[in-house]
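Novice: quick one: sequence plus predicted model below, questions after.
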Amino acid sequence: MNTKFLTVGLIAALMVPGVASAQSQREVRESRQDLREEQRDLRNAQRYGDRGDVRDAKRDVRDARQEYREDKRDWRQDRRYSNYRAPFKYQQFRVGSQLRPNYYGSAYRPSYDSRWGLPRAGRNMTYVRHYNDLLLVNERNGRVVKVYRNHFNWRR
């Protein structure tokens, strides 16, 4: 009985970091929305309220901005986005370059993220991260179709 309870507790403890990191993007989005609402309340207080209302609204905006900054910092430090260093030195790839299969292995394929501002990779195509560059690669022959230089530099 005790070992079963201990096992369940251990499994739950191991799952918590994954759940916490998955929620960080949602937290950033919600914090940004809260900040916008507080700024709207401040504008309304400046138009229609008295000094006390404005002071309270400014404090709320300051608190919302701090919360947004903290959530954004936590999201940037998310370790899921930092394991991209290849076991070889940096090399600038060009369109038409042929990659060996180990260059576009599963370890270097980030899961698609709509924040990239790029379309999804088509059939038999995949995005590959090489340091801060993002490459669109044809999986069948390993040819680079498109190169986005310093695409992940904004994550720093």
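Specialist: Okay, I see it. Numbering: from 1, shown residues only.
Novice: per-domain residue ranges of this protein.
Specialist: 2-80, 84-155 (automatic domain parsing).
Novice: where along this protein do the strands fall?
Specialist: In the chain, the segments counted as strands under DSSP state E are 125-130, 133-138, 144-148.
Novice: got those strands as JSON lines, with mean pLDDT columns?
Specialist: Formatted as JSON lines, the strands of the chain follow (pLDDT from 0 to 100):
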{"stretch": "strand 125-130", "mean pLDDT": "86"}
{"stretch": "strand 133-138", "mean pLDDT": "89"}
{"stretch": "strand 144-148", "mean pLDDT": "92"}
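Novice: format those strands as TSV; extra columns: mean neighbour count.
Specialist: From N, CA and C alone the C-beta is placed, and that goes for glycine too. As requested, those are exported to TSV (neighbours: other CB atoms under 10 Å):
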stretch	mean neighbour count
strand 125-130	20
strand 133-138	21
strand 144-148	16
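Novice: what's the distance between residue 123 and residue 97?
Specialist: 21 Å (CB to CB, to the nearest Å).
Novice: do residue 91 as well
Specialist: If you measure residue 91 against residue 97 using CB to CB, the figure is 9 Å.
Novice: neighbour count winner among the two?
Specialist: Counted by other CB atoms under 10 Å, residue 91 and residue 97 do not tie: residue 97 has more neighbours, with 15 against 11.
Novice: once you drop chain neighbours, what's closest to the more buried one?
Specialist: Leaving aside its sequence neighbours, residue 97 sits nearest to residue 144 (CB to CB, 6 or more residues apart in numbering; 4.6 Å).
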